[in-house]
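In: What would the 3D arrangement of this be:
(one chain, ligands or ions: 1)
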Amino acid sequence: MKVVEVTAVEIEGTLRVPWKIATATMDTLNAVLVRVTADDGTVGYGEAIARKGTRVTKAVVEDLLAPVVLGKDPFAVEAIWDDMYATLRTRGHSRGFLIEAISGVDIALWDLLGQKLDEPVSRLMMGSARTSLPAYASSILIDTPESMAKEAAALAAEGYDAIKIKIAGDLDTDIRRIEAVRESIGPAVRLMLDANSGFDAAEAIALSREAERHGVYWLEEPTFLDDLPGYRRIRQGSAVRIALGEGEFTTAGFRDFIADGLIDVAQPNITRAGGFTGVRRIAALAESFGIKVAPHTGASGPICMAATLQLSAALSPFLIHEYMYLENPFEAFFETALPKPVNGIIQVPQEPGLGVQVRADATQRFARENAG
Ligand SMILES: [Mg+2]
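Out: Here you go, the predicted structure:
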């Protein structure tokens, strides 16, 4: 079996209501869809995260990675990953567009293998093979404390026992947000905070004192990921669990956070951190330090959502699945819509590969040039 074609398409979904977080406002979701075909006609789909510069990611897939992958046996998926990584590693490209594009190709290869072997990737990885996952509601967007509390109460009433809210880096209002939401959901529902790097270390420590008082389950990305000294200070000054990693890449990116004991929960995004192969390696590293993995989905495209269900089902140190309960502009991408959680539990599709059928018209319909 040999790979005979690798293509990439820029896709875009338009949000009716823009998403507001601490460091950005989004009115579209963008990604790059990767399609890999084998000589027997088997096809696999992958996705590379690409909030911006989708054209760059497409070029990396088609101009840089396709020549590495073409002619290779997809069963050598880890060796192919290493070969792709080797293309620019010695030139300093161990992060960013290169790894994001590799992630897309790797996901497509695993999907292709699943299609070929008639098994979902969650079983193909020979890990935990879970068929359902605990999920949390992600995420209540920045708003007034009152309206965020109302939204949280509705989610708790739906049966979620874990809810994440965005905070904005404005300490006083954020503390009122935490108080209002905690009061609305009661003590039994886990409450997570996502700061999207909106604080500096001193503010994060001040906020975490309040978070401790309100029984916050984790504080996510309190400051920028390249501020390792800041994370050391936050760790010393706070007893709240720290979660991060949606902006990190490969084991090399997670290694310092994990080895220095700076995090409790690793959140790699499969479409950024290295695909199934890359995240499996990160999970093995995390597990050896007693750290749990809660894969990130967030503002991603449709393949990310499907692939992350398979990934979460397979990983041994898995903690909880990030379910985006917000508007999904890619709902019509698959023949059958992805499952939604019931009472905070989401089912893992058991069909081959990523467990989904891409609709015949989906690529064209969501192609960036046709979106809007
Ligand atoms: Mg986040």
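In: Strands of the stretch 151-300 of the chain, residue ranges please.
Out: Assigned by DSSP state E, counting those that start in this stretch, the stretch 151-300 of the chain shows strands spanning 162-166, 190-194, 218-220, 242-244, 265-266, 292-293.
In: will you turn these into CSV that also has distance to residue 152, mean pLDDT and mean neighbour count?
Out: Just so you know, the C-beta spots here come from the backbone N, C-alpha and C atoms, and that holds for glycine as well. Below are the strands of the stretch 151-300 of the chain laid out as CSV (distance: least, CB to CB, whole Å; pLDDT from 0 to 100; neighbours: other CB atoms under 10 Å):
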stretch, distance to residue 152, mean pLDDT, mean neighbour count
strand 162-166, 6, 98, 25
strand 190-194, 8, 98, 23
strand 218-220, 16, 98, 25
strand 242-244, 18, 98, 24
strand 265-266, 20, 98, 25
strand 292-293, 23, 98, 24
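In: Can you check which of those gets nearest to residue 125?
Out: Shortest separation from residue 125 across the strands of the stretch 151-300 of the chain is recorded for strand 292-293, at 13.3 Å, computed as CB to CB.
In: Which strands or helices does the closest one pack on?
Out: If you count contacts as 3 or more CB pairs under 8 Å, 6 or more residues apart in numbering; DSSP states H and E, strand 292-293 packs onto strand 265-266, helix 275-288.
In: Could you list the low-confidence segments of the chain?
Out: By pLDDT under 70, the weakly predicted segments of the chain are 371-372.
In: before we move on, the earlier item: quick one: the strands of the stretch 151-300 of the chain as a markdown table, columns for distance to residue 18 too.
Out: Below are the strands of the stretch 151-300 of the chain laid out as a markdown table (distance: least, CB to CB, whole Å):
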| stretch | distance to residue 18 |
| --- | --- |
| strand 162-166 | 13 |
| strand 190-194 | 17 |
| strand 218-220 | 21 |
| strand 242-244 | 24 |
| strand 265-266 | 28 |
| strand 292-293 | 30 |
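In: Figure out which of the ones you listed is closest to residue 178.
Out: Put simply, out of those the one that sits nearest residue 178 is strand 190-194, at 6.9 Å, with distance taken as CB to CB.
In: quick one: contacts of that closest one?
Out: With CB atoms under 8 Å, 6 or more residues apart in numbering as the test, strand 190-194 has contacts from 21, 136, 139, 161-167, 174, 178, 181-182, 185, 207, 211, 214-221, 243.
In: Out of the helices and strands packed on strand 292-293, which one sits most buried?
Out: Neighbour counts (mean count of other CB atoms under 10 Å) averaged over each of those peak at strand 265-266, with a mean of 25.
In: Who are the packing partners of that strand?
Out: In this structure, strand 265-266 makes packing contacts with strand 242-244, helix 250-259, helix 275-288, strand 292-293, judged by 3+ CB pairs under 8 Å, 6+ apart.
In: Report the buried residues of the second one.
Out: Applying a neighbour-count criterion of 16 or more other CB atoms under 10 Å, the buried positions in helix 250-259 are 250-254, 257-258.
In: Scan the protein for its longest helix.
Out: With DSSP state H setting the assignment, residue counts place helix 97-117 as the longest helix in the chain.
In: just checking, what's the longest strand in this protein?
Out: Secondary structure of the chain per DSSP state E: the longest strand is strand 3-21.
In: Can I get it in PDB? Just the C-alpha atoms.
Out: Written as PDB, here are the backbone C-alpha positions of strand 3-21 (Å, rounded to 0.1, in the frame of the first residue of the first chain):
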ATOM      1  CA  VAL A   3       0.300   7.000  -0.700                       C
ATOM      2  CA  VAL A   4      -0.400   8.400  -4.200                       C
ATOM      3  CA  GLU A   5      -2.000  11.800  -3.500                       C
ATOM      4  CA  VAL A   6      -1.900  14.500  -0.700                       C
ATOM      5  CA  THR A   7      -4.000  17.600  -1.100                       C
ATOM      6  CA  ALA A   8      -5.000  20.500   1.100                       C
ATOM      7  CA  VAL A   9      -8.000  22.800   1.000                       C
ATOM      8  CA  GLU A  10      -8.500  26.000   3.000                       C
ATOM      9  CA  ILE A  11     -11.900  25.800   4.800                       C
ATOM     10  CA  GLU A  12     -13.900  28.500   6.600                       C
ATOM     11  CA  GLY A  13     -17.100  28.500   8.700                       C
ATOM     12  CA  THR A  14     -18.900  31.800   9.500                       C
ATOM     13  CA  LEU A  15     -20.100  32.400  13.000                       C
ATOM     14  CA  ARG A  16     -23.400  34.200  13.400                       C
ATOM     15  CA  VAL A  17     -22.300  35.700  16.700                       C
ATOM     16  CA  PRO A  18     -18.600  36.400  17.000                       C
ATOM     17  CA  TRP A  19     -16.700  34.700  19.800                       C
ATOM     18  CA  LYS A  20     -15.000  37.000  22.300                       C
ATOM     19  CA  ILE A  21     -12.100  35.800  24.400                       C
END
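In: Perfect, I'm done here.
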